[in-house]
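Colleague: Sharing a sequence plus its predicted fold:
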Amino acid sequence: MEFDGVLEVIGGFGKFQVYIFILMGIVGIPTAMHNLGAVFLAANTNHWCRIPPVPENTTWNRSSWFQVWVPPHDGGEDIDRKHSQCKIYNRNASKVENYGEYVVPPRSNVSGYLLLNETRFSGVFNESLEDSESYCSSWEYDTSQYSSTIVMEWDLVCDNAWMRAMAQSIYMLGFLIGAVGCGALSDRFGRLNTLIGALLCGVLMGTAAAFAPEYWSFVFLRMFTGIAAGGSFTIAFVMVMEVIGVHYRTVPGIFVQGWFALGFMILPGIAYFVRDYFTLQLILSVPSVVLLSYYWIVPESPRWLLSKGRITEASKIIKRAARMNGRETKAAELLMDLNGIKVADDNISKQYNLFDILRYPNMRKKSLNVFFNWFVNSLVYYGLSLGSSDLVGNTYLNVFISGAVEFPGYILAAVLLDKAGRRWPLAGCMTVGGLALLATIPVPRDLKILVTVLAMVGKLSIAASFAIIYNFSAELFPTVVRNVGVGAGSMCARVGGLLAPFVVELKAAWGPLPAIIMGVFSIVAGLLGLLLPETLNKNLPETMEEGEKFGRKHSKQDQQVPVNEDEEIAMNTL
């Protein structure tokens, strides 16, 4: 008997599986908050060059003094901003002080700036005040919304603005390393032990990041936090899927990601009350110490234990699962001889590698298509998530809604997967999402709320397509290379997430550019998805030969046949 047969006896989705689903799902909450914490930790606030203090015992006020030193905005995409953020006038403070409060640059005809009284000060600028500008090296920040961020702390503005995106990109690099590396470690040392190690690493590194004395130490401590987050959520996903019966995996597999969305929704609530990056980073990290209790309350994966020949330990956990599911009587005979249980070797794909997948023309075409879809899904998902704070309206509400719309997306995916298959829902969701993003470009400035609505439509669509590609890609690759194929796809997704912060920052060059990139890529990926073969109600490939034939016209493999049980979902990726 296979282990999936054991699950049929003790219950494929009962109280035991719900127990594991909830406890492992909770791991996704801090993961999401770390992944998207940069929205608030690295919030980009209004800033300007540091100017001399307003002189005392004069008629100068803050507004007029500010305008003497800070040039007006010189164009660009942020047309609502009235002042330069990176330049300052080259002037002598003692000389400026003597000219009274109405001295402003002669060309200051920007709305919101005082206009020069040219009769009174007609000779001042030519004779005494230079009107040349220079780039400044220190800044002042608007603290009305955030009391401190890493942008304020280390001046990540102007020529250093790229460092803001770099911080999140390096974090996502860590997430990639953790998702891949911890999956391999869990195969060797066990799911639970590796999970606890990753959680402990996340607590320590995340806490240390709050105390980082300078930018690069913060970035690399956050990278290790990303490694822990990627590893812990990957393992949690694996542990859920390994105890659920084959007939029940699709919906739980989708809604495990719902815990991630829940963390996304909780984040702005915390950030609303905590406006400084130091305290926020601590709150994102320290509470996860509670999850270390999983070492005592969460059982090891019985599937993994049996694969390692640890029969006695597996027997205790299977008995506990049967008791919780009300199947103890039915499981009694099974528990008498667990030595006869066969566990599929999860490492069978190790005899193959990515080059084996790409060696065959049909599999190469399908694989590259799938990899591109993974990449685009992640690029757009994180691009929209990180950019949600830039939408019109309340920042905290926008981020909350951006997380909340994922739940309708997951429900939509769950319904479509069994009703309409995989190919058309994937293409439809990605195309709708792309069109929604492109539709934001011509929206008039006085209808900015429509941009927010369209962005949320895009986010809902991409959340649904992300859930679909997980299941779809697992079914497209033959059994012998399934982990390799889905793992490679997941790595492509992490690359997309790694590049997303830089795509968002392209708005500084041209406002619509991020929407154009993400919208076009999403539409192209969706249309390419139509070239993939449908997998609903079809026998799925087991060998490399079957994988090469799958999806070809007139292939027997393409003939629709009833399926008695779902195909195994690849476990070791996220």
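Modeller: Thanks, I have the structure now. Numbers count the residues shown, from 1 in each chain.

Colleague: Only C-alpha atoms from now on, for both contacts and neighbour counts.
Modeller: Will do.

Colleague: what helix or strand does the most centrally placed residue in the chain sit in?
Modeller: What sits nearest the mean C-alpha location of the chain, by C-alpha atoms, centre = their mean, is Tyr382, with 4.5 Å. Assigned by DSSP states H and E, Tyr382 falls within helix 361-387.

Colleague: Counting by contacts, list what that helix packs against.
Modeller: Applying 3 or more C-alpha pairs under 8 Å, 6 or more residues apart in numbering; DSSP states H and E, we find helix 361-387 packed against helix 38-41, helix 354-359, helix 395-404, helix 448-476, helix 482-505, helix 513-529, helix 544-549.

Colleague: Please compute how far the second one lies from its chain's middle.
Modeller: Using C-alpha atoms, centre = their mean, to the nearest Å, the mean C-alpha position of helix 354-359 is found 28 Å from that of the whole chain.

Colleague: So for it, mean pLDDT?
Modeller: Here helix 354-359 scores 84 as its mean pLDDT.

Colleague: And the shortest one, by the same measure?
Modeller: Along helix 38-41, the predicted confidence averages to a pLDDT of 96.

Colleague: Following the chain onward from that helix, which element is next?
Modeller: Criterion used, DSSP H and E; the element after helix 38-41 is strand 47-49.

Colleague: Please work out which residues outside that following strand touch it.
Modeller: By C-alpha atoms under 8 Å, 6 or more residues apart in numbering, the residues outside strand 47-49 that reach it are 70, 83-88, 136-142.

Colleague: buried ones in that strand?
Modeller: Along strand 47-49, these residues count as buried under the neighbour rule (16 or more other C-alpha atoms under 10 Å): 47-49.

Colleague: Relative to Ser147, which of those is nearest.
Modeller: Distance to Ser147, by C-alpha to C-alpha, is smallest for His47 among the buried residues of strand 47-49, at 12.9 Å.

Colleague: how many other residues sit next to the closest residue to that closest one other than its chain neighbours?
Modeller: Take His47 and drop its neighbours on the chain: the residue closest to it by C-alpha to C-alpha, 6 or more residues apart in numbering is Tyr141, 4.4 Å away. Burial of Tyr141 is recorded as 19 neighbouring residues (other C-alpha atoms under 10 Å).

Colleague: In a markdown table: the buried residues of strand 47-49, plus pLDDT and distance to Arg320.
Modeller: Below are those laid out as a markdown table (pLDDT from 0 to 100; distance: C-alpha to C-alpha, whole Å):
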| residue | pLDDT | distance to Arg320 |
| --- | --- | --- |
| His47 | 93 | 59 |
| Trp48 | 93 | 63 |
| Cys49 | 93 | 65 |
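
Colleague: Now flag whichever of those is closest to Leu368.
Modeller: Using C-alpha to C-alpha, the buried residues of strand 47-49 come closest to Leu368 at His47, 43.9 Å.

Colleague: coming back round to it: pretty sure the residue nearest to His47 sits against Ala43.
Modeller: No. Using C-alpha atoms under 8 Å as the test, Tyr141 is too far from Ala43 to be in contact (11.5 Å).

Colleague: what's near enough to touch Phe466?
Modeller: 374, 377-378.

Colleague: repeat that for 10 Å
Modeller: If you count contacts by C-alpha atoms under 10 Å, 6 or more residues apart in numbering, Phe466 has them with 254, 257, 373-374, 376-378, 380-381, 409-410, 413, 426, 429-430, 472, 493.

Colleague: Arg423 now?
Modeller: Going by C-alpha under 10 Å, 6+ apart, Arg423 touches 417, 468-469, 472, 526-536.

Colleague: do Trp162 as well
Modeller: 156, 501-502, 505 are the contacts of Trp162 under C-alpha under 10 Å, 6+ apart.

Colleague: And Phe220, by the same measure?
Modeller: Neighbour list for Phe220: 167, 170-171, 174, 205, 209, 212, 226 [criterion: C-alpha under 10 Å, 6+ apart].

Colleague: Which of those residues sits closest to Thr279?
Modeller: Closest approach between the contacts of Phe220 and Thr279, by C-alpha to C-alpha: Ala209, at 11.0 Å.

Colleague: so that closest one touches Phe278, yeah?
Modeller: Yes. Contact criterion C-alpha atoms under 10 Å: Ala209 and Phe278 qualify, at 8.6 Å.

Colleague: neighbour count winner among these two?
Modeller: Taking neighbours as other C-alpha under 10 Å, Ala209 and Phe278 compare with Ala209 leading, 24 against 18.

Colleague: Which strands or helices does the helix or strand hosting the more buried one pack on?
Modeller: According to DSSP H and E, Ala209 maps onto helix 191-210. When contacts are defined as 3 or more C-alpha pairs under 10 Å, 6 or more residues apart in numbering; DSSP states H and E, helix 191-210 sits against helix 28-35, helix 162-189, helix 215-242, helix 277-285, helix 294-297, helix 302-307.
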